[in-house]
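[1] No letters, just coordinates:
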């Protein structure tokens, strides 16, 4: 659950340090005070897109840090370890945005990506925005809600993967059937080219070895003459270096007995003496092996000419020939498979069978969940003063299937504008749609696994007794997990376990937003303000106390 949120220089917030409690909490305040800024800041920490517009005027950067208790979330700790992050009982997500619009992300103090923030955030917080009822009209959003409520996410991914495999197999079969003649010509040409390069038998590292050997054989005479010359100067001619250095070493060693200052020089000369002796030995071994080999030189040159001829022919560098051959061999294998229409048909049939089997499982799961969801949402709708309405989840078959399965999902409502159930968009007014959306969100949140739920003004369009029921539903939800609701409704705020007030003030000519926790007296005053009226009277306060059940 969310424990702590720090916000610095974000929009109209200079600095906020917020400690979160368990249960159901509300965030209230005047319109425009900045209630949704807290939600925006939290979504930034959870990996949402960042830009320089979130930085408070006159500042060079904005920063948000959120701390979560993950002691009861083993899957989060496993993800952290798998991605090389520290995995203690607390998780710190931090995001910094600079004036250039660039952002930096951190997880437990280590650099991370925004994508990684989003991945881990999916386990931590579920945010329901005030415009959720608009997206609820989209078919894909309805399908996603049903699948999430039924816990079918992994099966949906398997179906999507099976569909892609089936589609690729079908495309391969179609391409082979329609382009058999062209494929045959390509295969014939490739077979000839592969035979030619395979006959060359040119190894991956052979060109470098041939180049070294060719240079050595081509300059064999110079190499032999150079080695003999060096041996003469160093060891074999009269007055050779080796003899002269031996004499110097012997003389200095004897003189060092009289003056120790010469010992270091004598030691250095002895070192030169040893290294020179090693060099002479190595040169003699080289001279003994070195010889002129015109036959081998001609053989190497013929080999290099053959390789160069093929490289020029296929317009590549000589070292690239082995990779070219490997690519042709792979393509030839693909063409051989493509030429086998029976095998391709069998492959497509198997892929289709596997897809239909998985999609059938998904359909069964959706059918069961659709019935349960319809009854459950209808029950919540009745609590929200839509007693005449009933909610249904229709599964509409799709010919041949799609990546998301064998059916499209359509939310329907009956009883509001006649008995016949019709698509949600065609029968619900704005206020009804808000309440139906809220009913669905409350229901799906109960089945979600995330520990923190945030509702950002989802109660727009409702009031009176319905608002009190909404507050009661959110309060019940708060008994199972942490719930935070941004609201304008006193009936909702009064049901909360704890309440924060957002206010806006001008300080040194700068408008700033602040959030303060409310005690019992503060809540009475804030609920009274929310109840309306230019002046807050004792009667209004008494009404607030009744809502809060403090009297």
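    Structure received. Please read all numbers here as calculations on a predicted model, not as lab measurements. Numbering: from 1, shown residues only.

[2] State the distance from residue 138 to residue 331.
    Applying CB to CB, to the nearest Å, the value for residue 138 to residue 331 is 43 Å. The way it works is simple: take the backbone N, C-alpha and C, and place the C-beta from them, glycine included.

[3] Who has more neighbours out of the two?
    residue 331 (14 against 11; other CB atoms under 10 Å).

[4] That one is in what secondary structure piece?
    If you go by DSSP states H and E, residue 331 is part of helix 321-339.

[5] in terms of contact count, name the helices or strands touching that helix.
    Contact here means 3 or more CB pairs under 8 Å, 6 or more residues apart in numbering; DSSP states H and E; on that basis helix 321-339 packs against helix 153-178, helix 180-200, helix 294-313, helix 341-383.

[6] If we use 7 Å, what do you get?
    Contact here means 3 or more CB pairs under 7 Å, 6 or more residues apart in numbering; DSSP states H and E; on that basis helix 321-339 packs against helix 180-200, helix 294-313.

[7] Work out the gap between whichever strand or helix holds residue 501 and the centre of the chain.
    Following DSSP H and E, one finds residue 501 within strand 498-507. The gap between where strand 498-507 is centred and where its chain is centred comes out at 36 Å by CA atoms, centre = their mean, to the nearest Å.

[8] what helix or strand is the closest residue to residue 68 other than its chain neighbours on?
    Using CB to CB, 6 or more residues apart in numbering and skipping the chain neighbours, the partner closest in space to residue 68 is residue 91 (4.5 Å). Under the criterion of DSSP H and E, residue 91 resides in strand 90-98.

[9] Spatially central residue in the protein, please.
    Geometric centre of the chain, nearest residue: residue 115, 4.0 Å, by CA atoms, centre = their mean.

[10] For that residue, give me its contacts.
    By CB atoms under 7 Å, 6 or more residues apart in numbering, the contact set of residue 115 is residue 47.

[11] State the three-state secondary structure for it.
    helix (DSSP: H, G, I helix; E, B strand; the rest coil).

[12] Between the helices and strands packed on helix 321-339, which one is closest to residue 458.
    In terms of CB to CB, the element of the helices and strands packed on helix 321-339 nearest to residue 458 is helix 180-200, at 57.7 Å.

[13] angle of the helix or strand just after the closest one against helix 294-313?
    Sequence order places helix 206-218 as the next helix or strand after helix 180-200, per DSSP H and E. Counting by axes from the mean of the first three to the mean of the last three CA atoms, to 10 degrees, helix 206-218 points 140 degrees away from the direction of helix 294-313.

[14] Which helix or strand in this protein has the lowest average pLDDT?
    Within the chain, confidence by mean pLDDT, DSSP states H and E is lowest for helix 132-135 among all helices and strands, at a mean of 60.

[15] Check which element follows that helix along the chain.
    Downstream of helix 132-135, the first helix or strand assigned by DSSP H and E is helix 139-150.

[16] Wait, a strand at residue 413?
    Yes. Assessed with three-state DSSP, residue 413 lies in a strand.

[17] so what's it bridging to?
    Note on residue 413: beta-bridge partners residue 391, residue 422, judged by DSSP bridges.

[18] Wait, it touches residue 388, no?
    No. The criterion here is CB atoms under 7 Å, and residue 413 misses it with residue 388 at 10.2 Å.

[19] Name the residues that touch stretch 369-385?
    146, 149-150, 389-393, 395, 435-436, 438-440, 442-443, 465-466, 469-470.

[20] So which bits of the helix or strand that residue 3 is a member of are buried?
    Assigned by DSSP H and E, residue 3 belongs to strand 2-10. For strand 2-10, the neighbour count (16 or more other CB atoms under 10 Å) marks 2, 3, 5, 6, 7, 8, 9, 10 as buried.

[21] Now do it against strand 90-98, angle only.
    Angle, strand 2-10 to strand 90-98, by the same axes, to 10 degrees: 10 degrees.

[22] gap between strand 2-10 and the chain center?
    Per CA atoms, centre = their mean, the centroid offset for strand 2-10 relative to its chain is 24 Å.

[23] cool, and stretch 11-20?
    Taking mean C-alpha positions (CA atoms, centre = their mean), stretch 11-20 and its chain are 28 Å apart.

[24] Give me the residues contacting it.
    2-8, 34, 37, 54, 56, 482, 511-513, 515.

[25] Tell me the one among the residues you listed nearest to residue 493.
    residue 515 (14.2 Å).

[26] That closest one: what's it in contact with?
    Residue 515 neighbours (CB under 7 Å, 6+ apart): 16, 18, 38, 500, 502.

[27] beta partners for it?
    residue 502.

[28] Tell me the confidence at it?
    Per-residue confidence (pLDDT) for residue 515: 88.

[29] Over to residue 414?
    84.

[30] re earlier: ranking the helices and strands packed on helix 321-339 by mean pLDDT, which is last?
    helix 180-200 (a mean of 80).

[31] How about residues contacting it?
    Residues contacting helix 180-200 (CB under 7 Å, 6+ apart): 176, 306-307, 310, 321, 325, 328-329, 331-332, 335, 338-339.

[32] List buried residues within the residues you listed.
    Buried, going by 16+ other CB under 10 Å: 176, 307, 310, 321, 325, 328, 332, 335, 338, out of those.

[33] show me the contacts for the fifth one.
    Under the criterion of CB under 7 Å, 6+ apart, the contact list for residue 325 reads 194, 197, 198.

[34] if we can go back for a sec, quick one: mean pLDDT over the helix holding residue 331.
    82.

[35] mind checking how far it is from the chain centre?
    For helix 321-339, the distance to the chain centre is 34 Å (CA atoms, centre = their mean).

[36] just the angle between it and helix 180-200, please?
    150 degrees.

[37] Fine by me, we can end here.
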